[in-house]
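> Just need the structure, nothing else, for what follows:
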Amino acid sequence: MSTDQHSVRQHILATAQAIITGKGFSAVGLNEILSAAGVPKGSFYHYFKSKEQFGEALLADYVGVYLAELDALLAPDGSPAAARLMCYWTGWLALSDNGCAGSRCLVVKLSGEVADMSEAMRAVLLRGTNDIVRRLAACIEEGYADGSIPAGSDPQQCALALYEMWLGAALLTKLRREPSALDGALRATRSLLRLPQTTQA
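Residues are numbered from 1 along each chain as shown. So this is what the prediction gives:
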């Protein structure tokens, strides 16, 4: 694929992500996406054979960007691992101020919708969430090693419990339209990791 073709493909995906994050996948037709992107329908099928394949590519692109951002956030930089880990969770609170919890919401927005609709899209999201949990587990393990997180349960199990809790809190935040569930998740996270409640990690 040439640079120009890659640029058009990424433009379509970026335009669609903004629309689908707000409306969901099923509620958005290709005409709406292509009109917003300024791309002819015939050109769309040059890059994607079907809407499902497009959805798979959209999620794969989103997950790739998300994981790269997470890697940058959690990468060792001389600060305690606990501080970097808590920066990730407090970022969910910051996003909730704009009505979007869970790093642009796409996992929260689409998980329930696509799980029964498309096996390929479900698999992309599942792999992505598993990769997120593995990265969180590695940071927890690093926190055990550097002493910033008191040694406790298996890092993978701890990371999975935390991520599941925050996804649930993000869903409740969407229902309640206020951040109390995320505030509770932050307190519970500090408790589970045995970190102080009143000071930064």
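
> CA atoms for contacts and neighbours, from now on please.
Fine.

> Can you list the buried residues in the helix or strand bottoming out on mean pLDDT in the chain?
Least confident helix or strand, the chain: helix 106-115 with a mean of 80, by mean pLDDT, DSSP states H and E. For helix 106-115, burial by neighbour count (16 or more other C-alpha atoms under 10 Å) applies to 106-110, 114.

> same check, this time on stretch 43-63
In stretch 43-63, counting by 16+ other C-alpha under 10 Å, buried: 44, 47, 52, 54-63.

> Reformat those residues into a markdown table and put secondary structure and pLDDT next to each item.
Putting these into a markdown table (DSSP: H, G, I helix; E, B strand; the rest coil; pLDDT from 0 to 100) gives the following:
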| residue | secondary structure | pLDDT |
| --- | --- | --- |
| F44 | helix | 85 |
| Y47 | helix | 88 |
| E52 | helix | 89 |
| F54 | helix | 91 |
| G55 | helix | 90 |
| E56 | helix | 93 |
| A57 | helix | 93 |
| L58 | helix | 92 |
| L59 | helix | 92 |
| A60 | helix | 94 |
| D61 | helix | 91 |
| Y62 | helix | 90 |
| V63 | helix | 92 |
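
> can you list the domains in the protein?
Domain ranges of the chain: 1-47, 51-192, per automatic domain parsing.

> Of these, flag the one that's most buried.
Sort the domains of the chain by mean neighbour count, taking mean count of other C-alpha atoms under 10 Å, and domain 51-192 sits at the top with a mean of 17.

> Distance from the chain centre to that domain, please.
Put simply, domain 51-192 sits 6 Å off its chain's centre (C-alpha atoms, centre = their mean, to the nearest Å).

> Endpoint to endpoint, that domain covers what distance?
41 Å (C-alpha to C-alpha, to the nearest Å).

> and the helix ranked longest in the chain, what does it pack onto?
Using DSSP state H to define each element, the chain has its longest helix at helix 119-146. Judged by 3 or more C-alpha pairs under 8 Å, 6 or more residues apart in numbering; DSSP states H and E, helix 119-146 is in contact with helix 51-74, helix 81-96, helix 106-115, helix 155-176.

> try 6 Å this time
In terms of contacts (3 or more C-alpha pairs under 6 Å, 6 or more residues apart in numbering; DSSP states H and E), helix 119-146 is packed against helix 81-96, helix 155-176.

> Now P40: phi and psi?
phi -60, psi 150 (degrees, to the nearest 10).

> ok, now how distant is it from V8?
11 Å.

> just to revisit the earlier point, could I get the buried residues of stretch 43-63 as JSON lines with distance to Q157?
Conversion of the buried residues of stretch 43-63 to JSON lines gives the following (distance: C-alpha to C-alpha, whole Å):
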{"residue": "F44", "distance to Q157": "42"}
{"residue": "Y47", "distance to Q157": "39"}
{"residue": "E52", "distance to Q157": "33"}
{"residue": "F54", "distance to Q157": "33"}
{"residue": "G55", "distance to Q157": "30"}
{"residue": "E56", "distance to Q157": "28"}
{"residue": "A57", "distance to Q157": "30"}
{"residue": "L58", "distance to Q157": "29"}
{"residue": "L59", "distance to Q157": "25"}
{"residue": "A60", "distance to Q157": "25"}
{"residue": "D61", "distance to Q157": "27"}
{"residue": "Y62", "distance to Q157": "25"}
{"residue": "V63", "distance to Q157": "22"}
